[in-house]
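Colleague: The following comprises the amino acid sequence and a computationally predicted model.
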Amino acid sequence: MIPHTENMDLTAAEKKPSMLNLLACKCPRCRQGDMFASKNPWNLKTTMKMHNECPVCKQPLNIEVGFYYGSSYVSYAFSIAISAATFVAWWVLIGFSVYDNRFFWWLGLNAALLILLQPYLMRVARTGWLAFFVRYDKDWKTNPPAPLERTNKDQENNW
């Protein structure tokens with residue numbers, strides 16, 4: 001029996017779940033293009049340097065002036081999730097006590113971990129914020145990106 005071949009032309013990148021693309025900081029529309037100019041988030045001079053549009057599908061990545069201010073909420077949620085995970089892991093593996101300083105050791109370790117992860121978390125937060133507004137389009141090769149509604153080039157760098 002010959003398998004149904006209607007959707008057999010999807011590439012491996014298109015088949016990846018969106019969470020993996022989010023963590024890889026890929027464009028949410030095509031799931032293939034890199035959103036950031038540099039792949040290394042710990043190169044602090046270029047950590048937040050983004051392409052103006054996706055290099056693969058041409059989706060504009062700066063939808064409106066100040067668009068990425070909302071990504072701070074996503075970054076905050078990731079930070080809380082990481083803190084909760086390290087708290088539970090510390091509690092299970094080491095434990096907490098009122099008779100010693102183990103809580104403060106966890107607090108210091110968690111703070112150091114969040115500081116080390118911050119450049120990557122800021123990128124993932126921007127990718128996640130954009131994914132709220134730009135959905136995956138399985139026909140991105142034939143469908144052009146939606147036109148921008150609220151861009152103002154004169155005000156783009158005034159923040």
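Modeller: That came through, no problem. Keep in mind that this is a model prediction, so the values were computed, not measured.
Colleague: May I have the secondary structure class of the residue sitting nearest the centre point of the chain?
Modeller: Centroid-nearest residue in the chain: residue 124, 2.1 Å away (criterion: Cα atoms, centre = their mean). Under the three-state scheme (DSSP: H, G, I helix; E, B strand; the rest coil), residue 124 adopts helix.
Colleague: residues contacting it?
Modeller: Contacts for residue 124 (Cβ atoms under 8 Å, 6 or more residues apart in numbering) come out as 22, 23, 25, 74, 75, 78. Backbone N, C-alpha and C define where each C-beta goes, glycine included.
Colleague: And residue 36, by the same measure?
Modeller: Per Cβ under 8 Å, 6+ apart, neighbours of residue 36: 25, 46, 48, 49, 50, 51, 123.
Colleague: So what sits opposite it in the bridge?
Modeller: residue 50 (DSSP bridges).
Colleague: Please tell me how far it sits from residue 93.
Modeller: 34 Å (Cβ to Cβ, to the nearest Å).
Colleague: Let me see the ranges of the strands in the protein.
Modeller: Counting by DSSP state E, the chain has no strands at all.
Colleague: re earlier: now, among the contacts of residue 36, which is nearest to residue 110?
Modeller: residue 123 (20.4 Å; Cβ to Cβ).
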